[in-house]
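K.L.:
What would the 3D arrangement of this be:
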Amino acid sequence: MTTTINNNKKSSDVVWSDSSITKDHRDNLSKQRSSIIWFTGLSGSGKSTIANALEERLHNYSFHTYLLDGDNVRHGLSSDLSFNDADRKENIRRIGECAKLFIDAGVMVLATFISPFKDDRNFVRNIVNETEFVEIYIKCPLNVCEDRDVKGLYQKARSGEIKHFTGIDSPYEEPNNANIIIDTSKLNIEQSVDAIIDYLDKNSYIETNRKYKLSRSLLDYLLPGKRATDSAI
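P.N.:
Numbering: from 1, shown residues only. As a prediction, the model looks like this:
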């Protein structure tokens, strides 16, 4: 199914309504810098696995997050879209606008999408502030991705059952300037998450040590004589 979207149709009667509570207010309340953590890479590279592990780590640090998964979004928000190039572009546009709302709410969004085209990823980067988009390239050789393919998607693509499959009959454009490159053929899940946490911490998106110390202090106050389990990196 092919969907035609008219993105230029806007009414002059639609006016932006400002809120007295801003993104900065929400960020200050949650003590984090809300942003889009964008995972891109081939199917089977490990995007969802690493994003899930990262979200669990951030949750343990008491940060506010939400994970937008490519397959999950196709069940609802983009259920009317196919996988041709035009619909892939529209899918990423919708995700970008959705993620922008999340970061305005003071939430760190983890978005896991193959997003094979540079222009589409740059679209999302350009609709938010420069520091609100962190591109993570989950790099993995095609043959390794195929070996990991528990869903059998690559096999179906090779046999022609699936059309427009990235890496087989549809291109993947590698990022030129990804903020983080994770090679999952060399790093395990824990090492990958450590590298991302380190980047976010060093670039002031989160403060893991302060969050951890506050959690320890609060638990010590509520449960005197007991210590919180050490979950710091």
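K.L.:
mind listing what the biggest strand by length in the chain pairs with, with the direction of each?
P.N.:
Counting by DSSP state E, the longest strand found in the chain is strand 133-139. Its sheet considered, strand 133-139 pairs with strand 36-40 (parallel), strand 180-183 (parallel) by DSSP bridges.
K.L.:
now those strands in CSV, with mean neighbour count and distance to E161?
P.N.:
No exception for glycine: its C-beta is placed from N, CA and C like everyone else's. Output for the strands paired with strand 133-139, formatted as CSV (neighbours: other Cβ atoms under 10 Å; distance: least, Cβ to Cβ, whole Å):
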stretch, mean neighbour count, distance to E161
strand 36-40, 27, 25
strand 180-183, 18, 30
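K.L.:
Any buried residues in the longest helix seen in the chain, and which?
P.N.:
Taking DSSP state H as the criterion, the chain has its longest helix at helix 85-104. Residues of helix 85-104 classed as buried by neighbour count (16 or more other Cβ atoms under 10 Å): 87-93, 95-96, 98-100, 102-104.
K.L.:
and G76, what does it touch?
P.N.:
Contacts for G76 (Cβ atoms under 8 Å, 6 or more residues apart in numbering) come out as none.
K.L.:
Assign it to helix, strand or coil.
P.N.:
What DSSP: H, G, I helix; E, B strand; the rest coil gives for G76 is coil.
K.L.:
so how far is F39 from it?
P.N.:
19 Å (Cβ to Cβ, to the nearest Å).
K.L.:
Count the neighbours of the residue lying closest to S35 once chain neighbours are set aside for me.
P.N.:
Excluding the flanking residues, the one nearest S35 by Cβ to Cβ, 6 or more residues apart in numbering is E132, at 4.6 Å. The number of residues packed near E132 is 21, by other Cβ atoms under 10 Å.
K.L.:
again with D119
P.N.:
Quick note: D119 (other Cβ under 10 Å) scores 9 neighbours.
K.L.:
tell me the secondary structure for it?
P.N.:
helix.
K.L.:
which ones are touching it?
P.N.:
K89.
K.L.:
And it, what's its pLDDT?
P.N.:
We have a pLDDT of 94 for D119.
K.L.:
any idea how far it is from S78?
P.N.:
Distance from D119 to S78, by Cβ to Cβ: 18 Å.
K.L.:
so what's the most centrally placed residue in the chain up against?
P.N.:
Nearest to the geometric centre of the chain sits A111, at 2.1 Å (Cα atoms, centre = their mean). Residues in contact with A111, defined by Cβ under 8 Å, 6+ apart, are 36-39, 67-68, 95, 99.
K.L.:
Which positions in stretch 53-71 come out as buried?
P.N.:
53-55, 57-58, 61, 63-65, 67-70.
K.L.:
next one: that stretch to chain centre, how far?
P.N.:
Remark: stretch 53-71 is offset 9 Å from the chain centroid, using Cα atoms, centre = their mean, to the nearest Å.
K.L.:
Touching it from outside, list them.
P.N.:
Applying Cβ under 8 Å, 6+ apart, the contact partners of stretch 53-71 are 30, 32, 34, 37, 47-48, 51-52, 95, 98-99, 102, 106-114, 189-190, 192-193, 196-197, 206, 208, 211-212, 214-215, 231.
K.L.:
Give the PyMOL command for selecting the buried subset of the residues you listed.
P.N.:
Buried members of the contacts of stretch 53-71 can be picked out in PyMOL with the line below, counting by 16+ other Cβ under 10 Å:
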select buried, resi 30+32+34+37+47+48+51+52+95+98+99+102+106+107+108+109+110+111+112+113+114+192+193+196+197+206+208+211+212+215
